[in-house]
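>>> The following comprises the amino acid sequence and a computationally predicted model.
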Amino acid sequence: MKKILSVCLVSLGLAASACAQRYDNTKIKVGQEAPELAFPSPDGKIISLKEVNKGRYILLDFWASWCGPCRMSNPGLVKLYQNYKDKKFKGAPQGFTVFSVSLDRQKEAWQRAIAADHLSWPYHISDLKSWQSDAAAAYGVLFIPQAFLIGPDGKIIGAYNSSEKAGEELEKYVKN
């Protein structure tokens, strides 16, 4: 599928998001339990998705520092995080956060992109294997950016070609 998307980008001259919109992730389905991810943060500490997910909504965002469409969507992701991080949510006493999975290969580039794009949430992980990432394989990620909304029960609520598209779904769970 990566080759098909690359061919789509090159031969048709389309943006990655246009090609990605025609791809449906067949590995992850709404309603299924979110596969566990436990990988190093930029400082080397192992962060577990299941531990972070306890009592909160998670926007699981797959991206990379070298991915132009990812970097262009990061300001929208930051805005979404800022908008929802302090809100109260139904059935989620811990609220909401973003959990970022990088498909980078170079730790320094990953760290620079986190800082440059102001990705201020504390949950960033990567196994630094790029497209051979175990996290990407677990979620069937064949293009980036790609995001999944996970409920406080650990189940997938939504899947998106771009993380900022999760806002409409997330709004349904905010306490009024």
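On my side now, so go ahead. All values reported here derive from a predicted model rather than from experimental measurement.
>>> okay, and for this structure, where does confidence drop off?
1-24 (pLDDT under 70).
>>> where along it do the strands fall?
38-40, 46-48, 56-63, 95-102, 123-125, 146-150, 156-160 (DSSP state E).
>>> Let me have the ones you listed in CSV, extended by mean neighbour count.
Heads up, the C-betas are built off the backbone N, CA and C, glycines and all. Output for these, formatted as CSV (neighbours: other Cβ atoms under 10 Å):
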stretch, mean neighbour count
strand 38-40, 16
strand 46-48, 14
strand 56-63, 25
strand 95-102, 24
strand 123-125, 21
strand 146-150, 25
strand 156-160, 19
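>>> of all those strands, which lies closest to Lys85?
Lys85 lies closest, by Cβ to Cβ, to one member of those: strand 95-102, at 6.1 Å.
>>> So for stretch 70-82, what gets flagged as buried?
70-71, 73-74, 77-78, 80-81 (16 or more other Cβ atoms under 10 Å).
>>> In CSV, list the residues you listed along with distance to Asp43.
Listed next are these as CSV, based on distance: Cβ to Cβ, whole Å:
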residue, distance to Asp43
Cys70, 22
Arg71, 22
Ser73, 25
Asn74, 20
Leu77, 21
Val78, 21
Leu80, 25
Tyr81, 20
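>>> what's the closest of those residues to Ser130?
Closest to Ser130, out of all of the buried residues of stretch 70-82 and judged by Cβ to Cβ, is Cys70, at 13.0 Å.
>>> my guess is the closest one meets Trp63, correct?
Yes: proximity of Cys70 to Trp63 meets the contact threshold set by Cβ atoms under 8 Å, at 3.8 Å.
>>> and Lys175, what does it touch?
Applying Cβ atoms under 8 Å, 6 or more residues apart in numbering to Lys175 gives the contacts 87-90.
>>> do the same with Ala135
Ala135 is in contact with 37, 39, 62, 101, 125-127, 141, counting by Cβ under 8 Å, 6+ apart.
>>> For Arg112, which non-adjacent residue is closest in space?
Excluding the flanking residues, the one nearest Arg112 by Cβ to Cβ, 6 or more residues apart in numbering is Ser65, at 6.9 Å.
>>> same question, Lys27
Closest to Lys27 by Cβ to Cβ, 6+ apart is Gly140, at 2.6 Å.
>>> OK, contacts around the one you found?
For Gly140, the contact set (Cβ under 8 Å, 6+ apart) comprises 25-28.
>>> Looking at those, point me to the pair that's furthest apart.
Using Cβ to Cβ, those span at most 8.2 Å, a distance reached by Thr26 and Ile28.
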